[in-house]
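# Pasted the sequence and its predicted model underneath.
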Amino acid sequence: MSYHRSVRDVTMDYPKEIILKDGTGVTLRPLKPGDENALFEMFKLFSEDELWFLNHDVSDPRLFEDWVKGLDLNRVVSIVALLEGRIIANAALMVKDYGAKSHIGKVRIAVDPSFREKRLGTWMLLDLVNVAMAIGLKTVVMRLVQEKDAYVISAVRKLDFIEEAVLEDYVLDREGNPCNLVIMTKHLPTEWDQF
Ligand SMILES: CC(C)(COP(=O)(O)OP(=O)(O)OC[C@H]1O[C@@H](n2cnc3c(N)ncnc32)[C@H](O)[C@@H]1OP(=O)(O)O)[C@@H](O)C(=O)NCCC(=O)NCCS
């Protein structure tokens with residue numbers, strides 16, 4: 001018999017402490033009201049090219065008000081990484097509460113450019129994979145752009161994500177050039193005997 005926790009319940013496991021490659025201690029906790037401005041400030045540091053490929057126009061501060069207020073706590077685990085009161089990363093696991101895709105979680109991660117290549121993205125991804133297992137998901141999906149995210153694709157391969165599909169010329173870069181969208185999935189063990 002398996003026992004799975006709810007999305008709301010797993011957020012009670014925070015705060016969590018992680019140590020970056022350079023020894024810096026960082027706190028992970030769920031996104032909460034009051035984080036809007038700090039998130040806006042973090043995304044201001046992203047390059048134009050990175051912003052283009054995000055799902056939302058983060059140059060509009062009102063987006064973050066909607067984002068934080070409208071967060072569906074039954075379907076989304078959104079966590080932030082904090083260092084000295086500043087948000088230095090945000091990662092989210094999104095699930096459906098009904099139907100044929102309710103065993104799948106989508107993951108998105110964004111790290112402040114000055115804190116990259118310190119394993120913060122990897123820690124947050126592993127944390128959300130752990131959450132996905134706790135709530136009983138079978139698959140975690142990341143959608144990456146082949147031309148832009150080559151290093152992310154090889155990094156998540158090392159975490160047992162596989163290249164499930166490549167949608168050729170599916171998205172356009174800022175100049176209008178077509179790029180391939182890569183669907184990376186990780187199939188999760190749902191019972192202990194599947195390890
Ligand atoms: C993708 C992203 C989250 C990675 O965050 P990060 O904290 O730098 O990731 P990590 O430090 O854990 O690095 C993971 C791996 O990628 C490598 N890597 C990270 N940035 C790299 C770069 N610019 N060039 C080459 N390799 C890089 C790291 O060396 C590491 O490799 P390893 O596992 O062999 O050590 C971050 O670059 C980002 O926020 N990008 C913009 C948003 C985005 O594209 N998100 C991905 C789609 S959801």
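Done, it's in.
# Provide a list of residues in contact with residue 167.
Going by Cβ atoms under 8 Å, 6 or more residues apart in numbering, residue 167 touches 180-183. In short, each C-beta sits where N, CA and C put it, glycine included.
# Switch the residues you listed over to CSV; also include distance to residue 141.
Converted to CSV, these look like this (distance: Cβ to Cβ, whole Å):
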residue, distance to residue 141
180, 16
181, 12
182, 11
183, 6
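# ok, and the most crowded of those residues?
Among those, the one with the most neighbours (other Cβ atoms under 10 Å) is residue 182, at 23 neighbours.
# Okay, and the residue in the chain that the ligand sits nearest to sits in which element?
Using Cβ to the nearest ligand atom, the closest approach of the chain to the ligand is made by residue 121 at 2.5 Å. When elements are assigned from DSSP states H and E, residue 121 belongs to helix 120-134.
# Please identify the buried residues of that helix?
Neighbour counts over helix 120-134 (16 or more other Cβ atoms under 10 Å) mark 120-125, 127-129, 131-134 as buried.
# swap in stretch 130-146?
Residues of stretch 130-146 classed as buried: 131-138, 140-146 (neighbour count, 16+ other Cβ under 10 Å).
# contacting residues around it?
Residues contacting stretch 130-146 (Cβ under 8 Å, 6+ apart): 2, 4-7, 10, 53, 77, 93, 95, 103-108, 128-129, 152-153, 156, 161, 164, 166, 171, 179-190.
# Lovely, talk soon.
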